[in-house]
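>>> Sequence and computational prediction follow.
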Amino acid sequence: MLPKSKLIAVPFAAMLACVAANTAAAEPGVTNDKILFGQSTALGGPASALGQGMQAGILAAFEEANRNGGVAGRKLELKSYDDGYEPDRAIDNTRKLIDQDNVFALIGEVGTPTSKAVQPIATDAKVPFIGPFTGAGFLRDASHGNIVNYRATYGQETEAWVKHLTEDLGHKRIAILYQDDSFGRVGLAGVTKALEKRGMSLVAEGTYKRNTTAVKSAVLKIRKAKPDSVVMVGAYKPIAAFIKLAKKTGIDATFVNISFVGSKALAKELGDDGTGVVITQVVPFPWDRSIPAVAQYQDALRAVDGNAEPGFVSLEGYLVGRLTVMALEKMGGSFTRANFLKTVANLGQFSLGGVQLAFGPDDNQGSDQVFLTVIQSDGSFRAVDRLSPTS
């Protein structure tokens with residue numbers, strides 16, 4: 001018979017080895033019954049409709065998955081903090097999400113300046129940075145290894161602007177209003193490049209400071225140039241203030257906005273002044289139930305909130321959430337950050353409910369599509385293939 005000490009030591013040693021193995025295998029944010037995602041976004045302030053829309057869409061996708069049993073028996077959870085569209089607050093939130101909340105991944109950051117501030121933190125920590133609501137080019141550098149983009153770039157949107165304004169409407173005098181930060185300057189660079197490609201240049205530039213509606217000087221500067229069209233890179237409150245004042249002061253131009261503006265919020269802010277305002281989008285028409293993903297989105301959104309209304313921002317959040325769920329389902333139960341990123345990189349071309357996407361080892365952007373929409377007199381939207389004076 002073995003000594004009593006040996007009888008105790010053998011199973012105890014085995015137990016320690018088992019605990020050590022489980023501890024080593026554990027991944028932040030992953031337990032036997034849940035996977036935790038983190039979001040720093042604008043839930044308050046002048047860009048709040050964007051953050052709230054992304055949050056609503058992601059939650060709709062996660063809750064849809066959870067109603068069907070989650071992923072491998074694990075429910076998906078989202079912890080969101082408000083950064084007010086301010087980089088310093090986004091940094092604090094991101095560090096808290098990674099270091100204290102131990103999230104599996106970050107998802108749905110809203111904005112270029114905030115994403116620019118927090119992306120290096122996520123990259124250094126090798127935390128997946130999924131579906132930021134921005135078309136900034138620096139996030140398309142696949143060598144970072146941890147960034148997963150859904151949407152087309154701002155460069156693709158601005159090229160579409162200039163193409164349609166010049167070819168469809170014959171406009172030659174194009175001015176720009178942009179937010180005076182990294183976001184606005186990305187848009188400015190895209191417009192400048194698109195114009196130079198056609199032997200043209202901007203007739204005027206106006207700016208405003210982030211999280212303000214101080215646009216009067218920009219209106220006066222742009223009015224002097226008598227533009228045919230004004231392209232705009234900003235958030236809905238200052239953009240609405242600009243368009244209202246521009247029309248009041250006699251600027252007779254076509255107003256064109258980038259997808260980040262927040263279409264529904266802009267239409268609401270503009271009221272009667274919104275008729276004919278153009279917005280490029282990077283997701284399909286949110287009211288087109290002929291697209292399976294859109295029909296599923298509408299149903300998922302209303303399952304969470306029966307009073308929720310479809311919109312471009314929450315649809316983008318939903319598609320980002322659906323993409324995330326799909327990748328998790330393909331991971332074979334090995335829920336590590338590295339395996340998630342590897343899985344996305346190997347997705348290739350596929351259809352997400354009728355929405356065509358493609359990823360590869362050197363391509364971290366799923367969609368290249370840009371769509372044209374025009375605000376109607378009742379505040380609704382109409383999808384168009386080309387611009388016309390009566391759009």
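Received the coordinates, thanks. If you're wondering where the values come from, they're calculated on a predicted model, not measured in any experiment.
>>> if I pick Ala218, what's in contact with it?
Counting by Cβ atoms under 8 Å, 6 or more residues apart in numbering, Ala218 touches Leu177, Gly206, Thr207, Tyr208, Phe242. No exception for glycine: its C-beta is placed from N, CA and C like everyone else's.
>>> Can you tell me which of those residues has the most neighbours?
The most crowded member of those, judged by other Cβ atoms under 10 Å, is Leu177 (29 neighbours).
>>> thinking that one is in contact with Phe242, fair?
Yes. Judged on Cβ atoms under 8 Å, Leu177 makes contact with Phe242 at a distance of 5.6 Å.
>>> So for these two, which residues contact both of them?
In contact with both Leu177 and Phe242: Gly206, Tyr208, Val215, Ala218, Met232, Gly234, using Cβ under 8 Å, 6+ apart.
>>> could you say which helix or strand contains the closest residue to Asp273 other than its chain neighbours?
Distances taken as Cβ to Cβ, 6 or more residues apart in numbering place Lys244 nearest to Asp273, at 5.1 Å, with adjacent residues excluded. Counting by DSSP states H and E, the element that carries Lys244 is helix 236-248.
>>> returning to that earlier point: out of the contacts of Ala218, which one sits closest to Leu352?
Leu177 (33.9 Å; Cβ to Cβ).
>>> how about CSV for the shared contacts of Leu177 and Phe242, with secondary structure and pLDDT added?
What follows is those, written out as CSV (DSSP: H, G, I helix; E, B strand; the rest coil; pLDDT from 0 to 100):
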residue, secondary structure, pLDDT
Gly206, strand, 98
Tyr208, strand, 97
Val215, coil, 97
Ala218, helix, 98
Met232, strand, 98
Gly234, coil, 96
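>>> now the strands: where do they sit in the protein?
34-41, 75-82, 105-107, 129-130, 147-148, 174-179, 204-208, 229-233, 254-257, 278-281, 348-352, 355-359, 371-375, 381-384 (DSSP state E).
>>> what about these, which gets the closest to Gln365?
Of all the strands of the chain, strand 355-359 comes closest under Cβ to Cβ, at 7.8 Å.
>>> Greatest separation within the contacts of Ala218: which pair is it?
Maximum distance among the contacts of Ala218 (Cβ to Cβ): 10.7 Å, for Thr207 and Phe242.
>>> shared neighbours of those two, anything?
Leu177, Ala218.
>>> quick one, what contacts the residue lying closest to Ile291 once chain neighbours are set aside?
Nearest residue to Ile291 in three dimensions, chain neighbours excluded: Gly354, at 4.6 Å (Cβ to Cβ, 6+ apart). Neighbouring residues of Gly354 by Cβ under 8 Å, 6+ apart: Ile291, Pro292, Ala293, Val294.
>>> Can you name the two of these that sit furthest apart?
Pro292 and Val294 (7.3 Å).
>>> hmm, back to that, and the gap between the residue nearest to Ile291 and Tyr318?
13 Å (Cβ to Cβ, to the nearest Å).
>>> same deal with Asp228?
36 Å.
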